[in-house]
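> this one's structure only:
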């Protein structure tokens, strides 16, 4: 009987290069409070956001993804033709098909496997989990994982539930082989019973077929999302540490999805992180950039000197679906 061949890769993988692109415009609270009848004070108190980054009208999701990807590839010390897979996490690429990843790959001169994932604010961590498996299975030498969102194109400026939170950005990282453990097991899952809590205001079919249906934009049931994220995600983060065989005392940085400063602070308290742990709070200046928020927050911690290459970070993404994913990683 013929036995099929299969592939086997290195025992471990790691993040080997990080790149980011933030929307060209810093938009302060005062610029957006009119349509939602709010105030700078209220937004800061409820979310921690002072400004959010938003892209120019002619800057596309792929433009941002390309800029971040080129930086990540260069910092990883490889050439584009050494990338064997491109994973793009986005919910704002404005085409049902083709996906954005093949378009991005072509921009970069890559002809390898390329596919999109739609896991909203958990998308970057989902991508890391998939890239880790691809490298260690021998299916790829290097995987480019990108989270890119132009959220400002899918908001109603008068919507008080989510519009004022959102920004535009892209973050990218190369995942390659490692001689030592550098990406812990991914702990992930979903709670589809809460899928209605973060959603489009209408389906594309309703927009097409139902007279008077407005262009679909994003909406969330804020109090329910806050409760879910604040109290259900800390146990997931602790499970990721346990899976990686580390404790809160071993962690140098906590990098959660930048959804709300109060959620972040609540998670820090529940996990019991020591005072030495650097806490990512990029949301204050960048807003919620969905799939891009964790790489952006990582880049800021590294740039500001709050952490260093080689430090251990606990990262967790969570959002629409409701979906979530977490892992412990060694910083690039």
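Ah, there it is. If you're wondering where the values come from, they're calculated on a predicted model, not measured in any experiment.

> CA atoms for contacts and neighbours, from now on please.
OK.

> so which residues of this protein form helices?
33-36, 40-47, 61-76, 100-108, 123-136, 204-209, 222-244, 261-271, 283-286, 293-303 (DSSP state H).

> pipe these into CSV and attach mean pLDDT, distance to residue 26 and mean neighbour count per row.
Converted to CSV, those look like this (pLDDT from 0 to 100; distance: least, CA to CA, whole Å; neighbours: other CA atoms under 10 Å):
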stretch, mean pLDDT, distance to residue 26, mean neighbour count
helix 33-36, 94, 15, 14
helix 40-47, 95, 15, 15
helix 61-76, 98, 15, 22
helix 100-108, 98, 25, 20
helix 123-136, 98, 23, 26
helix 204-209, 96, 31, 12
helix 222-244, 95, 24, 18
helix 261-271, 96, 18, 17
helix 283-286, 97, 8, 22
helix 293-303, 98, 15, 23
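
> for residue 19, which of these is the nearest?
Closest approach to residue 19 among those (CA to CA): helix 61-76, 4.2 Å.

> elements contacting that closest one?
Judged by 3 or more CA pairs under 8 Å, 6 or more residues apart in numbering; DSSP states H and E, the packing partners of helix 61-76 are strand 12-22, helix 100-108, strand 143-150, strand 168-178.

> give me whichever of those is most buried.
Most buried of the helices and strands packed on helix 61-76, by mean neighbour count (mean count of other CA atoms under 10 Å): strand 143-150, with a mean of 32.

> now do the phi/psi pair for the closest residue to residue 80 other than its chain neighbours.
Sequence neighbours aside, residue 110 is the residue nearest to residue 80 in space, at 6.2 Å (criterion: CA to CA, 6 or more residues apart in numbering). The phi/psi pair for residue 110 (degrees, to the nearest 10) reads phi -110, psi 130.

> can you tell me how far residue 110 is from residue 85?
9 Å (CA to CA, to the nearest Å).

> neighbour count winner among these two?
residue 85 (27 against 20; other CA atoms under 10 Å).

> the more buried one and residue 112 touch, don't they?
Yes. Contact criterion CA atoms under 8 Å: residue 85 and residue 112 qualify, at 5.5 Å.

> okay, the closest residue to residue 244 other than its chain neighbours and residue 35: tell me how far apart.
With CA to CA, 6+ apart as the criterion, residue 244 has its nearest non-adjacent residue at 4.9 Å, and that residue is residue 184. Going from residue 184 to residue 35 by CA to CA gives 44 Å.

> ditto for residue 51
16 Å.

> and what of residue 129?
Counting by CA to CA, the separation of residue 129 from residue 35 is 39 Å.

> kindly report the same for residue 268.
In terms of CA to CA, residue 268 sits 33 Å off from residue 35.

> ok, residue 330 next?
Counting by CA to CA, the gap from residue 330 to residue 35 is 43 Å.

> repeat for residue 127
From residue 127 over to residue 35 (counting by CA to CA), the distance is 36 Å.

> count of neighbours near residue 181?
Using other CA under 10 Å, the number of residues around residue 181 comes to 14.

> pretty sure the residue nearest to residue 244 contacts residue 327?
Yes. At 5.6 Å, residue 184 and residue 327 qualify as touching, with contact defined as CA under 8 Å.

> find residues that contact each of the two.
By CA atoms under 8 Å, 6 or more residues apart in numbering, residue 184 and residue 327 have these common neighbours: 240, 244.

> more crowded one of these two?
More crowded of residue 184 and residue 327, by other CA under 10 Å: residue 327, with 27 against 24.

> how about that one, nearest residue that isn't a chain neighbour?
Looking at residue 327 with CA to CA, 6+ apart, the closest residue is residue 186, at 4.9 Å.

> what's the answer for residue 229, then?
Per CA to CA, 6+ apart, closest to residue 229 is residue 263, 6.7 Å.

> ok, the one you found - contacts?
226, 229-230.

> in stretch 273-280, what counts as buried?
Under the neighbour-count criterion of 16 or more other CA atoms under 10 Å, stretch 273-280 has 273, 277-280 buried.

> nearest to residue 216, of the residues you listed?
For those, with residue 216 as the reference and CA to CA as the criterion, the closest is residue 280, at 31.5 Å.

> that closest one and residue 247, how far apart?
Taken as CA to CA, the span from residue 280 to residue 247 is 18 Å.

> same check, this time on residue 160
39 Å.

> which of those two has more neighbours?
Remark: of residue 160 and residue 247, residue 160 carries more neighbours, 17 against 12, as counted by other CA under 10 Å.

> show the pLDDT at the more buried one.
Model confidence at residue 160, given as pLDDT, is 91.
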